[in-house]
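Engineer: how does the following fold in three dimensions:
(one chain, ligands or ions: 1)
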Amino acid sequence: MTDETLSNLLHEERRFPPDAAFAEAALAQPGLYEQATADRLAFWEEQARALTWASPWTQTLDWSDAPFAKWFVGGTLNVAYNCVDRHVEAGNGERVAIHFEGEPGDTRSITYAQLQREVSKAANALTQLGVEAGDRVAIYLPMIPEAVISMLACARIGAAHSVVFGGFSAEALRSRIDDADAKVVITSDGGYRRGNPSALKPAVDAAVVQTPSVKKVLVVQRTKQDVEWDDERDVWWHDVVDSAPDVHEPQAFDAENPLFILYTSGTTGKPKGILHTSGGYLTQTAYTHRNVFDLRPEKDVYWCTADIGWVTGHSYIVYGPLANGATQVIYEGTPDTPHKGRFWEIIQKYRVTQLYTAPTAIRTFMKWGDEIPAEYDLSSLRVLGSVGEPINPEAWVWYRKHIGGDRTPIVDTWWQTETGAIMISPLPGVTTAKPGSAQVPLPGIAVDVVNDSAEPVPNGSGGYLVLTEPWPSMLRGIWGDPERFKETYWSRFEGLYFAGDGAKKDDDGDIWLLGRVDDVMNVSGHRLSTTEIESALVSHPKVAEAAVVGASDETTGQAVCAFVILRGDAGYDESQAESVVTELRNHVAREIGPIAKPRQIMVVAELPKTRSGKIMRRLLQDVAENRTVGDVTTLADSTVMDLIKKGLGAPS
Ligand code: WTA
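Structural biologist: The predicted structure is shown next:
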């Protein structure tokens, strides 16, 4: 983010106090902060008591082996029982858990009682396929109810799931299956996207050829498109799950039993498998979902538009909402299929009360025009949420005015795959909102903004966002790599969790997030690593060297811009520029997934490097964002930038 945007942000003076009636009736009252400050651990114990435990914990937090935390030590519970069965036992079996809306318009409403039977069948089927507690199961599915059912079935039998976003390539899937040693992959023939069936199974077929750990592939039939079939390995969901017994006795597991691994991009080429466990994770996702969204399970209809393949889908479609007994909408497709009012039509149809979506979507809706949402009745909405990247004040104000009827509170929620649950956010009936700022840590959470020497910065200054106390849903490590866990998050500042985000405290001490300070880009709210895309580019035979930067983009927040040096023997001349660029963009899509496709690839003769050989991405970012190039004095060859600009036809 440039200094200019930063100072514009901090001159944002609009304020939105909570509506008096909302504030009075809100679940979260100001006293929650005082309660948490008075005794943080006792506060978390109280939140944990909202779950149903099979046996109680003996210690709230064991931090003796920091940074490896244990929460609710000795306690046991079954996560799926907490998300499903207990609501049925409490007499809410007939409440709808999921209103599923398929992209082609097919719908299915699943009650908690039905969900209990479906999850039980899937748990029995997975057990028959050889999955045991402690195993890993990879899930590569579109946004269909079976994705939720599969995750809960794994949780029910104590196996960890590793959901891989359906937009990732066969190669990305392969490396994730391999890293986690998954025994079973759950996938489907395909899913619907932009009006067409889009295949998923071919990627699994390609991936599992090289992953000996996989014994079985369980396939949901969604689109009925043709699939290749391996009789030894592949089984249809409708054969093995539908016929399995619909009763399954959930066993209690340790609070620290692994619940899932979710891969996310870091500063090196290899994605990290973020590990989350059971008791603390479920405690914090349920607590935050209830208080941040003011959730009333008996009457609300909540909708989070994230994909199940990202952490937002894990924590705020599956675990938080279901632990709270919420009724929610799950939508399979894109917001413009078959028309640009699809989201608003869904809200009107189900009388959605809470909408949780991403700034990139909001900016797209702004671009499509105010008249589209204006055609629908959105009066059921009570709370609007934003997640994934900083929301610019204009998008915030538009969201509130055109979607929230100038009435609803907006919660700008900051968190990460690693934090597992929301950490910084306004509380809807308490906080006077400032557009563009996530503002305050939630009760129970401790954050600060520090300078290079780990000293808290005064109000009005910026620095690095850190978390100063352990929290229940914190990652328990990086799968198979404890050293990398310590190195990535805990080595920058002694005893503090380094989030990788820049932040500023305003004069009131409220926090404004400023984007990543490391080599991670945020494109449409998706985390991508510059190094990962660079390795993908370099794996193409024509590429000698590559440097990738995130350049600001009006709609997607950041966009991937790549600079490549081609090999001398690539036989390249200017006339082929276009075809080489297309070839390389497609290559990245094949290696990682379409979301990683560079917006721009620039063929250059040199890259700017320091004397120690480190690429100076900051300078390339200046080029990609059409700015005057910054300080070049640390370059090994200070003329390189002129060469690059000349080559690109930019004014020097
Ligand atoms: C960014 C998504 C500003 C941030 C839940 C973080 C945000 C990264 C916000 C994590 C927000 C997420 N304001 N920035 N409200 N929410 N981010 O792991 O840079 O996909 O580090 O988790 O997204 O992305 P992840």
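
Engineer: which residues in the stretch 201-350 of the chain form helices?
Structural biologist: Using DSSP state H, counting those that start in this stretch, the helices found in the stretch 201-350 of the chain span residues 201-208, 237-240, 279-292, 311-313, 320-323, 342-350.

Engineer: how about those in JSON lines, adding mean neighbour count and distance to the ligand?
Structural biologist: In short, each C-beta sits where N, CA and C put it, glycine included. Below are these laid out as JSON lines (neighbours: other Cβ atoms under 10 Å; distance: least, Cβ to the nearest ligand atom, whole Å):
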{"stretch": "helix 201-208", "mean neighbour count": "22", "distance to the ligand": "21"}
{"stretch": "helix 237-240", "mean neighbour count": "16", "distance to the ligand": "29"}
{"stretch": "helix 279-292", "mean neighbour count": "27", "distance to the ligand": "11"}
{"stretch": "helix 311-313", "mean neighbour count": "24", "distance to the ligand": "5"}
{"stretch": "helix 320-323", "mean neighbour count": "27", "distance to the ligand": "12"}
{"stretch": "helix 342-350", "mean neighbour count": "19", "distance to the ligand": "20"}
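
Engineer: among the ones you listed, which is nearest Gly525?
Structural biologist: Among the helices of the stretch 201-350 of the chain, the nearest to Gly525 by Cβ to Cβ is helix 311-313 (8.3 Å).

Engineer: what is that closest one packed up against?
Structural biologist: If you count contacts as 3 or more Cβ pairs under 8 Å, 6 or more residues apart in numbering; DSSP states H and E, helix 311-313 packs onto no helix or strand.

Engineer: what sits up against it?
Structural biologist: Contacting residues not belonging to helix 311-313 are listed as 163, 262, 264, 274, 304, 306-307, 356, 387-388, 416-417, 420 [Cβ atoms under 8 Å, 6 or more residues apart in numbering].

Engineer: may I ask which two of those are separated the most?
Structural biologist: Ile274 and Tyr356 (20.5 Å).

Engineer: over to the residue of the stretch 501-650 of the chain found nearest the ligand: give its phi and psi.
Structural biologist: Nearest residue of the stretch 501-650 of the chain to the ligand, counting by Cβ to the nearest ligand atom: Leu513, 3.5 Å away. Dihedral pair for Leu513: phi -80, psi 140, per degrees, to the nearest 10.

Engineer: which residues sit in contact with the closest residue to it other than its chain neighbours?
Structural biologist: Nearest residue to Leu513, sequence neighbours excluded (Cβ to Cβ, 6 or more residues apart in numbering): Pro390, at 5.0 Å. Going by Cβ under 8 Å, 6+ apart, Pro390 touches Met1, Pro359, Gly436, Trp512, Leu513, Leu514, Gly515, Gly557.

Engineer: the third one: which element?
Structural biologist: Meaning Gly436. Gly436 belongs to no helix or strand when assigned by DSSP states H and E.

Engineer: list the contacts for it?
Structural biologist: Gly436 makes contact with Leu9, Glu12, Pro390, Ile391, Asn392, Pro393, Trp396, Asp412, Trp512, according to Cβ under 8 Å, 6+ apart.

Engineer: bridging residues for the closest residue in space to Gln328 that isn't next to it in sequence?
Structural biologist: Leaving aside its chain neighbours, Gln328 sits nearest to Tyr302 (4.6 Å; criterion: Cβ to Cβ, 6+ apart). With DSSP bridges applied, Tyr302 shows beta-bridge pairing to Gln328, Gln354.

Engineer: isn't Tyr302 up against Gln354?
Structural biologist: Yes: if you go by Cβ atoms under 8 Å, Tyr302 and Gln354 touch, sitting 4.5 Å apart.

Engineer: any shared contact partners between these two?
Structural biologist: Here Tyr302 and Gln354 share the contacting residues Phe293, Leu295, scored by Cβ under 8 Å, 6+ apart.

Engineer: and the residue nearest to Arg222 when sequence neighbours are not counted, how many neighbours?
Structural biologist: Spatially, and ignoring its direct neighbours in sequence, Arg222 is nearest to Ser188 (4.5 Å; Cβ to Cβ, 6+ apart). Burial of Ser188 is recorded as 25 neighbouring residues (other Cβ atoms under 10 Å).

Engineer: okay, and Ala559 sits in which element?
Structural biologist: Using DSSP H and E, Ala559 maps to strand 557-566.

Engineer: tell me which other helices or strands that strand touches.
Structural biologist: Applying 3+ Cβ pairs under 8 Å, 6+ apart, we find strand 557-566 packed against strand 520-523, helix 530-538, strand 543-553, helix 577-591, strand 600-603, helix 617-624.

Engineer: how does it look with 7 Å?
Structural biologist: Strand 557-566 sits against strand 520-523, helix 530-538, strand 543-553, strand 600-603, with contacts defined as 3 or more Cβ pairs under 7 Å, 6 or more residues apart in numbering; DSSP states H and E.

Engineer: what's that strand in contact with?
Structural biologist: The set of residues external to strand 557-566 that reach it, using Cβ atoms under 7 Å, 6 or more residues apart in numbering, is 359-360, 389, 521-524, 528, 533, 537, 542-553, 572, 584, 596, 598-605, 607, 620, 624.
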